[in-house]
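# A predicted structure for the sequence below; I have some questions about it.
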Amino acid sequence: YYKKAIKINPGFLDAHLRLGIIYERMGRYESAVESLKKAEEINPESLDTYVRLGDIYRSKGDYPEAIKYYRKVVEMNPDFIEGYINLGHLYSRKGDYSQAIDYYRKVLEINPDYIEVYLDLASVYLNKGDYSQGAEYYQKVLEINPQYIDAYINLARIYNLKGDLEKCIDCHLKILELNPGYFDSYLSLGHIYNGRFEKEKALRYFKKYLEYNPRDFEVNRIVMDIYLGENNLEGAKKYIDKLRKENYTDIADRLEEFLDQYNSDNQ
């Protein structure tokens, strides 16, 4: 239809645009570019044309060309948020974090509550190794939406990397408050408390994790190590018996070998 329309009227802008979109969806990028550049010739002020050309060059991995067209878009319409976001993404992928930050901040000048851009900025700062600034942007996300669990997840990782275990613990507890089934937090809390020699808490969180991942042998082994480290043979035996009753015989057999070795070494 659009090809026929163009034959009848070669200056039919919308037909060239629509044909370009169809070619883009088909993955025929060269044909799409050809159609859209004809649209550009017909109307050099068409914002849609430049947006589509930017999208196509981005899909092709031609970032310099994509950047050129997205820049045209924001020059033509300084309030076009998606243009700044796309520029931020492209510069971030290129590793040009300063430019990415500038474009993301442009978005926030237009819409200070744009959560996804705070997340993008946090990610950029983490890639730069600036964990403090990354954490600051995740905190801004939580100011806008205190229920945004991914912000707590990333903050927990940052605080763990920085060695701020109290804040890391607080984040994991908040994650579990929002989603009690997020088992990675049980595992992380288990490791933190085990490293701090708070064995009772460590056991509680490791066992909670194992409710979701009962066949994780390494964590089962850590539980056994905690019992044996405290010379709690009765607790170790009961734990092995529990695994057998729950039909995790293979794990129970392997842990029993550890128990037998422990008894042999301590005779």
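Received it, and whenever you're ready, just let me know what you need. Numbering: from 1, shown residues only.

# helices of the stretch 1-150 of the chain, residue ranges please.
For the stretch 1-150 of the chain, the helices defined by DSSP state H, counting those that start in this stretch occupy 2-8, 13-26, 29-42, 47-60, 63-76, 81-94, 97-110, 115-127, 131-144, 149-162.

# ramachandran coordinates for Asn179?
For Asn179, the backbone dihedrals (degrees, to the nearest 10) come out as phi -150, psi 90.

# where does this structure have low pLDDT?
Applying pLDDT under 70 to the chain picks out residues 1-24, 29, 34, 39-43.

# please convert the helices of the stretch 1-150 of the chain to TSV, extending it with distance to Glu230 and mean neighbour count.
C-beta here means a position set from N, CA and C on the backbone, and glycine is covered the same way. Shown next, in TSV, are the helices of the stretch 1-150 of the chain (distance: least, Cβ to Cβ, whole Å; neighbours: other Cβ atoms under 10 Å):
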stretch	distance to Glu230	mean neighbour count
helix 2-8	76	12
helix 13-26	63	18
helix 29-42	64	19
helix 47-60	57	20
helix 63-76	57	18
helix 81-94	48	20
helix 97-110	48	17
helix 115-127	38	20
helix 131-144	35	17
helix 149-162	26	19
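
# Throw those helices into CSV and include distance to Cys168, thanks.
Supplementary listing: those in CSV, determined by distance: least, Cβ to Cβ, whole Å:
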stretch, distance to Cys168
helix 2-8, 57
helix 13-26, 45
helix 29-42, 45
helix 47-60, 37
helix 63-76, 36
helix 81-94, 26
helix 97-110, 25
helix 115-127, 15
helix 131-144, 11
helix 149-162, 4
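
# before I go, just wanted to say thanks for your time.
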